[in-house]
Each structure stands twice: as structure tokens, then as C-alpha cells.
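**Q** Fold the following, please.
(one chain, ligands or ions: 1)
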Amino acid sequence: MRLHDYPASGNCYKVRLLLALLDRPYERVPTDIFAGETLTEEFGRLNPVRETPVLELESGEVIVQSNAILWYLAEGTEFLPADAVGGAQTVEWLHFEQERIVYTHVAPDAGIELNTWPAVQSWIDRIEGLPGFVDDYVRYPDNARPGRGRSIYDKG
Ligand SMILES: N[C@@H](CCC(=O)N[C@@H](CS)C(=O)NCC(=O)O)C(=O)O
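**A** Numbering: from 1, shown residues only. As a prediction, the model looks like this:
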């Protein structure tokens, strides 16, 4: 598997985290979203929306949208309950995360005080205690500032 990945993206971090928790090998393809690397023809063929993460499977199939990638990877593991309520609660969490959190590290910037959300904090504590947990999320570099780079947000 090949993951097209931006280190400072919470959406990419979620995928790296699940891959680490599942101990799945993969090739990481660093993609600087603020250096125009999502604006190339090659990247546009992978994901016409020009966003990371993108997961390329060995079969050649491509999965985009971080939560779709998480769902694919989690299938058949303890991270995706097989029962209807568990599945519904997983979808609930994935939507809540995209709407309000975009992984925990950026939540303070999104105006949410995580420590006032006991369910979120207990989720973080549980995940951080799992074997294989990695925290390789990095802060946005300088070229992410408005006017400094080339991305879908700022074509320069
Ligand atoms: N809903 C999408 C959002 C993906 C997204 O916004 N990706 C950002 C990084 S977090 C990106 O690659 N942006 C491309 C750009 O800035 O050019 C997902 O969850 O995968």
C-alpha cells in the first residue's frame, strides 16, 4: 500500500495512526500540499479533489477521504464493530470528528476545549494507551501561511 501523505495534516495523521496501531506496512509518499504537489496532473489523476490523504492499494485501486480510508483499514479488526449499533456509532464518531475535531491536535484551533468533552478525552486516553500508538503529527510549516505557498487554497 502507498499513502500519499502530508505530515502536518490531521486527516493524514489519523491514517498513519491506524496503520501503526494495526502494524500494517506501507510506503509513505510525502506530499507537500503547500508546495503545489497536489496541483500536478499526476496527483489530479489520483484524487481530482487534490487533497491528502490518498491510499493506493496493491490492486491499483485508490481510496480518498481519510474516514473512508480508516473504514477500509479497520474492516475486520477491533476498530470497526460488526454489529449495527456499533457500526452506526462508528459513523457517528467519524462525522463528529470531521465536523468538529479533525483529529485531536487541531481541536483547540477549532474552538473546542477537549477537556470539557469527557467522551473525547477518554477516547484520546484509550488510543494513546494502545500498543503501536504513534504521535508523528507535526505543526504546519511556514509555507502553509497565507501567500507563502501554492495549494488548492492559495495557487500563488
Ligand atoms: N475530508 C477530507 C479532507 C482532506 C483535506 O482537507 N486534506 C488537506 C490536508 S488536511 C489537503 O490535502 N489539502 C490540499 C491542499 O491544501 O492543497 C478527508 O478527510 O480526507
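
**Q** For the rest of this, base every contact and every neighbour count on C-alpha atoms.
**A** OK.

**Q** tell me which residues of stretch 20-40 are tucked away?
**A** 20-22, 31-39 (16 or more other CA atoms under 10 Å).

**Q** Distance from it to the middle of the chain?
**A** On the basis of CA atoms, centre = their mean, to the nearest Å, stretch 20-40 is displaced by 10 Å from the centre of the chain it belongs to.

**Q** is any part of it close to the ligand?
**A** Yes. For a cut-off given as CA under 6 Å from any ligand atom, stretch 20-40 has contacts with the ligand, namely 33, 38.

**Q** picking up where we left off before, any idea which of the buried residues of stretch 20-40 is closest to the ligand?
**A** I33 (4.5 Å; CA to the nearest ligand atom).

**Q** and the one helix or strand in the chain whose mean pLDDT sits lowest, C-alpha only, in PDB?
**A** Using mean pLDDT, DSSP states H and E, helix 118-128 stands out as the lowest-scoring helix or strand of the chain, at a mean of 81. Written as PDB, here are the backbone C-alpha positions of helix 118-128 (Å, rounded to 0.1, in the frame of the first residue of the first chain):
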ATOM      1  CA  PRO A 118     -15.200  13.700  28.600                       C
ATOM      2  CA  ALA A 119     -16.000  11.200  25.800                       C
ATOM      3  CA  VAL A 120     -13.400  12.700  23.600                       C
ATOM      4  CA  GLN A 121     -10.800  12.800  26.300                       C
ATOM      5  CA  SER A 122     -11.400   9.200  27.300                       C
ATOM      6  CA  TRP A 123     -11.100   8.200  23.600                       C
ATOM      7  CA  ILE A 124      -7.800  10.000  23.400                       C
ATOM      8  CA  ASP A 125      -6.600   8.300  26.700                       C
ATOM      9  CA  ARG A 126      -7.600   4.900  25.400                       C
ATOM     10  CA  ILE A 127      -6.000   5.400  21.900                       C
ATOM     11  CA  GLU A 128      -2.800   6.800  23.400                       C
END
